[in-house]
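Student: Predicted model follows, preceded by the sequence.
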There are 2 protein chains.
Amino acid sequence: MKNVKYHLLSLLGMAVLLAGCGNGSGSNGALNSSAAEKVYVAPGEQDEFYAFMSGGYSGNLTVYGLPSGRMFKEIPVFSQFPTSGYGYSEETKPMLETSFGFVPWDDAHHPDISQTNGELDGRWIFINGNNTPRIARISLTTFETEEIIEVPNSAGNHSSSFITENTEYVVAGTRFSVPIPQRDMPINEYEGNFRGSLSFISVDPEHGHMDIKFQLMMPGFNYDLSHPGRGDSHGWFFFTTYNTEEASTLQEVNSSQNDKDFIAAVNWKKIEEYVNNGGGTLMPAEYAHNIYDEATHTATTTMKKEVLTVDPLQVPGAVFFLPTPKSPHGCDVDPTGQYIIGNGKLSADLTIHSFDKMIAAIEGEKFDGEAYGIPILKFEDVLAGTVKSGGLGPLHTEFDGEGNAYTTFFISSEVVKWKLGTWEVIDRKPTFYSVGHLMIPGGNSRKPFGKYVVAMNKITKDRYLPTGPEMEHSAQIYDITGEKMELLYDFPTHGEPHYAAGIPAEMLASKSKKIYRLDENKHPAAVLDPSQARVERDGNEVHIYMSTIRSHFTPDNIEGIKVGDKVYFHITNHEQDFDVPHGFAIIGQNTSELLIMPGQTKTSVWEPKKVGVWPFYCTDFCSALHQEMQGYVRVSPANSNIELSWSLGGD
Amino acid sequence: MKNVKYHLLSLLGMAVLLAGCGNGSGSNGALNSSAAEKVYVAPGEQDEFYAFMSGGYSGNLTVYGLPSGRMFKEIPVFSQFPTSGYGYSEETKPMLETSFGFVPWDDAHHPDISQTNGELDGRWIFINGNNTPRIARISLTTFETEEIIEVPNSAGNHSSSFITENTEYVVAGTRFSVPIPQRDMPINEYEGNFRGSLSFISVDPEHGHMDIKFQLMMPGFNYDLSHPGRGDSHGWFFFTTYNTEEASTLQEVNSSQNDKDFIAAVNWKKIEEYVNNGGGTLMPAEYAHNIYDEATHTATTTMKKEVLTVDPLQVPGAVFFLPTPKSPHGCDVDPTGQYIIGNGKLSADLTIHSFDKMIAAIEGEKFDGEAYGIPILKFEDVLAGTVKSGGLGPLHTEFDGEGNAYTTFFISSEVVKWKLGTWEVIDRKPTFYSVGHLMIPGGNSRKPFGKYVVAMNKITKDRYLPTGPEMEHSAQIYDITGEKMELLYDFPTHGEPHYAAGIPAEMLASKSKKIYRLDENKHPAAVLDPSQARVERDGNEVHIYMSTIRSHFTPDNIEGIKVGDKVYFHITNHEQDFDVPHGFAIIGQNTSELLIMPGQTKTSVWEPKKVGVWPFYCTDFCSALHQEMQGYVRVSPANSNIELSWSLGGD
């Protein structure tokens, strides 16, 4: 029996933090000169790998290079991004629409790159919004968010977004169970009344568009993390659970009572077949589906009205529970698909289940009872082995493709390398401090690329120059080409990276888009030639169709605008060279700037409040005459009868 | 006569970009192994310098370490920052209030660290908002924005924010001239009717609070950049101008007609005396003054109603024009205060004026006419020398304190090192590509620290793995300890850095605040002990007074909330350990999360729209039981009569 004492745990947490502090000075573990050369990418040379790190509470996805640890881009996903106008411009505001209205933020957790035959194919990367449940798809050609789908009947969309080995589905499991459908009921009647949904979202193989194929309605546990089967286990999906106690208050204590929770094994191919044959129940549900069209540079929102739900008891043989000790957190599957690793976060040991043993146990119907009608397999029947790590608080495991696994230990702050099959510990290295996720490029596929492991730490403390009470989190990169890991470098991360996805540079770099072609621009308000630039009034709406090229706006001056007007600046960047954006901003605007890439059209709204002559200008230094790239708008009183007029380049 | 042809300039800009491309492959200029070791900061060791880089169109200020080039923090200043809730939380929304209403973005340009006796004192850093004119002050103890003051009668607040040598004033000059006071008038009547304001904002020596002392009303030119005098020239301030043509359309062509524009030399001590003796004219003006109080963790906005203006013609001997060739951009003053450097951006040469010669010319009244009544000094009388650089497009100059100056050349993409006094070019190194600003720690004070120069490039192209059409800008660090500069490393920057300020690590690190003391928390809604946690209803407003500590919220469950309520979560983080924030988010909220530092109280508003039981959780991984740090709110129909109730830790 696990019967963790509340105060003991609080003290434990504090002790770890204090212990962390003492290790901060001096140079820990890296042989400086060789490590320096290993992470150094000389001017003019490029990194070996892309690393896509979740931004956590930034809501975004960040792109790093390995081994340098340099951040190349922050891709806005679930959060407003004033830097580029994402979530502020008229074209991108629909991306943040939900059934709850406009939501300008989320907590982005687990990026996963699309796969073909279980190997990274580098087409898209998916990431989940945890707070207001959503899944986003980002293009790995444009590095822009192309689609966001809301997930109804979910709350704390944490065991997401992981994909099956041919990107058939991106899977999104709820962390918090809730009443389904939602209703007004006492919280303390949670047990037996709340439910957890596991959503299987299909991905169109051609254009990547997502659609919720079905939601599996599970008992009211917390579904923490998940991973697909691969190889022989392709067709299955595995989810860790905690709070099988179904506690509804002070979960810090009450959700840690059971010695074992479960890993839920879901045969999604069987359920897919059931659904394709007409199985499942349509239920009313409201959720937003937002798609960004690259041709029109514009997002649109569709509100969807129903979702197909599946009761697991209606599909016998589709769902089983594997008992797993100590509130398992990470749920990881090795590259062969044979081993399912449960990282019991309050444990010293790792539990590894065998897929073959699981199938045999199912076929032998050797059950150890059931939970809400779902068969529980016997722990001993499915156990492949245990790693006696000597660490404490295992969270996540990745693989190098050479038969080794690497597990993070939060409480003892270390990465432990161990051997699949023999379960022996090969090496352990300290992390600074309190490591969460880790990432090996491709380490979550049938073909890991090895070479580096990146540890993502939850606590930073003294690793960098201090920046007041708030600091960035911190990553560490280790060389894993030898028997023992070698710590190479620490680098800060932006937001809180919960997981990351790495891929060799050559798989993405050559197909990265450099410009948007002006002759493919289908934005309805695009100005494809400066001669089309114009200003039109429609009641109190004024539409300014404007073009930019180094270094002027056309038109540059506009008169006839009145207080009370709603002015739309539709701006097309006529550059067709790589890396020549133009920006746009006008004084006193109650929104962000626009950052407009070559060939792109974006729209900003301005509601002038004051009479006067007000300047706008280019916000991205574009040429030696960038400072001259400006114009004025004359704003007259609301009752003025000044006609619209504008100047087209000095005339 | 400068009579630049329009198409020629466009071609020139393109040629530079194309030329840049060819240089991208191979390792340019760095001796790899020694450069690798020079920029490598081993795990557990720390950087030598802080570098505060403006975020440009991100609106923020970023903190980097040198020589590593690692970004330690993004400090939100003028833009909403979903990551921490800045500009979303009730306490911080007032920071973004202006006379135009709530403005969620700006274009942050020129950081400058406070000085005492012309040397960096490391108390505060100031930065300007360019689009909706504002100046911000950031604490270098908490690394948080503490104050923002709007600047009326300004537009494109670009020649800002530079400080005098005892931080008497932070100075903010307008880039765009406008009608003052604003009025409804034709744009093409600009000449002679628009004016440019130069604002001298006093800084309280104790707490740093800002107040506009006076605004100097200048002719309608564009005031581009500025720097204070120092040493002998302390008491003066110098501003570059362009568009002395007073063109109002297609400035790319029409503002480049005059062979020389001016550097405006302003004797602010003389004007200060005039003002202290009752000079100047109060005029009505509306501008916001926003102050963040560290004790209450809360910002408040005061709308101010008038500003003191000064007509330069009323203060004889206070303002002079120094003719300066080729649309000068940067305006830099050497550490001795003797040399004022005008970087003529359409020139190959640099023009250096002599302060002593200027004083002699003023005393000799050797004028070469006047502009709107302001005396123009003779070019030859004030010229100290010319640097025949061989480069093209000089923008900015910094100093190493060893008698050398370093100037960036945008068009020829290089940094040129030259000697003060002899004007000889000592070294030149290419940059990649199209460099704008540069920074030497303290290079903008009487005591530069030398060692490194950081070049901030406007174009990135092939320096890093590509990330689609949009890429980060790029910085390069050079070792300047030798006769010749040595390129060490390239690192991406976040946003567009227009200038930066560097300071030795030891001047800030030891006084960096680690936590906010709970016993000093004066927030009116703070919960200083969990026993004070409670929920109160006031009409349709519900106030939840909540505490957090690893790893639970008190209260964790709340009932009696109704659709249509406006729910305020006032959350106090009870941790008193370094680097243990807690986050807060609730599903479907139309705002960002809160990130709450130890000892701090923050407030988030939620307007529930749907009946049901909705979870909230901690968004920053805080302990082994972080996943259990959650609670629920029951939302009943609007007409429900369920009483408020809540649970306090498992009871």
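Tutor: Received it, and whenever you're ready, just let me know what you need. Numbers count the residues shown, from 1 in each chain, chains lettered A, B, ... in the order given.
Student: Could you identify the helix or strand that succeeds the helix or strand of chain A with the lowest mean pLDDT?
Tutor: None of the helices or strands of chain A scores lower by mean pLDDT, DSSP states H and E than helix A:6-22, at a mean of 38. Using DSSP states H and E, the helix or strand that follows helix A:6-22 in sequence is helix A:32-39.
Student: helices and strands around whichever strand or helix holds residue A:415, which ones?
Tutor: Assignment of secondary structure by DSSP H and E places residue A:415 within strand A:414-419. Contacts defined by 3 or more C-beta pairs under 8 Å, 6 or more residues apart in numbering or on different chains; DSSP states H and E place strand A:414-419 against strand A:404-409, strand A:425-430, strand A:435-439. Glycine gets a C-beta too; all of them are placed from N, C-alpha and C.
Student: quick one, strands of the stretch 451-600 of chain A?
Tutor: A:452-457, A:474-479, A:486-492, A:500-504, A:534-538, A:541-549, A:552-554, A:557-562, A:566-573, A:582-586, A:594-596 (DSSP state E, counting those that start in this stretch).
Student: For the nearest residue to residue A:352 once chain neighbours are set aside, what are phi and psi?
Tutor: Once flanking residues are discounted, residue A:352 sits nearest to residue A:384: 4.5 Å by C-beta to C-beta, 6 or more residues apart in numbering or on different chains. With angles defined as degrees, to the nearest 10, residue A:384 sits at phi -90, psi -40.
Student: Distance of residue A:384 relative to residue B:68?
Tutor: Residue A:384 sits at a distance of 43 Å from residue B:68 (criterion: C-beta to C-beta, to the nearest Å).
Student: ok, the two, which is more surrounded?
Tutor: residue B:68 (26 against 19; other C-beta atoms under 10 Å in any protein chain shown).
Student: Quick check: that one touching residue B:42?
Tutor: No: using C-beta atoms under 8 Å as the test, residue B:68 is too far from residue B:42 to be in contact (10.0 Å).
Student: Give me the angle between the strand holding residue A:415 and strand A:435-439.
Tutor: Angle of strand A:414-419 versus strand A:435-439, following axes from the mean of the first three to the mean of the last three C-alpha atoms, to 10 degrees, is 40 degrees.
Student: For strand A:414-419, which strands pair with it and how are they oriented?
Tutor: Its sheet considered, strand A:414-419 pairs with strand A:404-409 (antiparallel), strand A:425-430 (antiparallel) by DSSP bridges.
Student: Now that strand: buried residues?
Tutor: In terms of neighbour count (16 or more other C-beta atoms under 10 Å in any protein chain shown), strand A:414-419 has its buried residues at A:414, A:415, A:416, A:417, A:418.
Student: List phi and psi for the closest residue to residue A:92 other than its chain neighbours.
Tutor: Sequence neighbours aside, residue A:86 is the residue nearest to residue A:92 in space, at 4.9 Å (criterion: C-beta to C-beta, 6+ apart). In terms of degrees, to the nearest 10, the main-chain angles of residue A:86 are phi -60, psi 130.
Student: Count residues in the vicinity of residue A:86, would you?
Tutor: Neighbour count for residue A:86, taken as other C-beta under 10 Å: 24.
Student: Could you do residue A:447 as well?
Tutor: 15.
Student: Next: residue A:363.
Tutor: Neighbours around residue A:363, by other C-beta under 10 Å: 9.
Student: any idea how far chain B is from it?
Tutor: Per C-beta to the nearest C-beta, to the nearest Å, residue A:363 is found 34 Å from chain B.
Student: Kindly report the same for residue A:393.
Tutor: 5 Å.
Student: doesn't residue A:345 make contact with that residue?
Tutor: Yes: Residue A:393 is in contact with residue A:345 according to C-beta under 8 Å; the separation is 5.6 Å.
Student: shared neighbours of the two, anything?
Tutor: Residues touching both residue A:393 and residue A:345 (C-beta atoms under 8 Å, 6 or more residues apart in numbering or on different chains) are A:410, B:624.
Student: can you give me the helices in the stretch 201-350 of chain A?
Tutor: With DSSP state H, counting those that start in this stretch as the criterion, the stretch 201-350 of chain A has helices at A:251-254, A:268-276.
Student: before we move on, back to that, how about the strands of the stretch 451-600 of chain A, which one is nearest residue B:590?
Tutor: Minimum separation from residue B:590 across those (C-beta to C-beta) falls at strand A:566-573, 21.8 Å.
Student: what distance separates that closest one from the middle of the whole chain?
Tutor: Chain-centre distance of strand A:566-573: 31 Å, with C-alpha atoms, centre = their mean, to the nearest Å.
Student: Output the contacting helices and strands for it.
Tutor: Using 3+ C-beta pairs under 8 Å, 6+ apart: strand A:566-573 touches strand A:541-549, strand A:582-586, strand A:594-596, strand A:601-606.
Student: how does it look with 10 Å?
Tutor: strand A:534-538, strand A:541-549, strand A:552-554, strand A:557-562, strand A:582-586, strand A:594-596, strand A:601-606, strand A:630-636 (3 or more C-beta pairs under 10 Å, 6 or more residues apart in numbering or on different chains; DSSP states H and E).
Student: Mind putting these into CSV with mean pLDDT and mean neighbour count?
Tutor: Below are those laid out as CSV (pLDDT from 0 to 100; neighbours: other C-beta atoms under 10 Å in any protein chain shown):
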stretch, mean pLDDT, mean neighbour count
strand A:534-538, 98, 14
strand A:541-549, 98, 21
strand A:552-554, 97, 26
strand A:557-562, 98, 22
strand A:582-586, 98, 26
strand A:594-596, 98, 27
strand A:601-606, 98, 23
strand A:630-636, 98, 25
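Student: will you turn the ones you listed into a markdown table that also has distance to residue B:156?
Tutor: Formatted as a markdown table, the helices and strands packed on strand A:566-573 follow (distance: least, C-beta to C-beta, whole Å):
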| stretch | distance to residue B:156 |
| --- | --- |
| strand A:534-538 | 22 |
| strand A:541-549 | 17 |
| strand A:552-554 | 14 |
| strand A:557-562 | 15 |
| strand A:582-586 | 10 |
| strand A:594-596 | 17 |
| strand A:601-606 | 16 |
| strand A:630-636 | 7 |
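Student: And those: which comes nearest residue B:317?
Tutor: Residue B:317 lies closest, by C-beta to C-beta, to one member of the helices and strands packed on strand A:566-573: strand A:630-636, at 33.2 Å.
Student: so does that closest one get close to chain B?
Tutor: Yes: Strand A:630-636 lies within reach of chain B by C-beta under 10 Å from any C-beta of the partner chain, at A:630, A:631, A:632, A:633, A:634, A:635, A:636.
Student: One more: stretch A:174-185?
Tutor: Yes: Stretch A:174-185 lies within reach of chain B by C-beta under 10 Å from any C-beta, at A:174, A:175, A:176, A:177, A:178, A:179, A:180, A:181, A:182, A:183, A:184, A:185.
Student: for the strands of the stretch 451-600 of chain A, which one sits closest to residue A:331?
Tutor: Among the strands of the stretch 451-600 of chain A, strand A:500-504 sits nearest to residue A:331 (C-beta to C-beta), with 16.5 Å.
Student: OK, contacts around residue A:585?
Tutor: Residues near residue A:585 by C-beta atoms under 10 Å, 6 or more residues apart in numbering or on different chains: A:85, A:569, A:591-595, A:604, A:606, A:615-619, B:57, B:105-107, B:130-132, B:156.
Student: change it to 8 Å
Tutor: Per C-beta under 8 Å, 6+ apart, neighbours of residue A:585: A:593, A:594, A:616, A:617, A:619, B:57, B:105, B:107, B:131.
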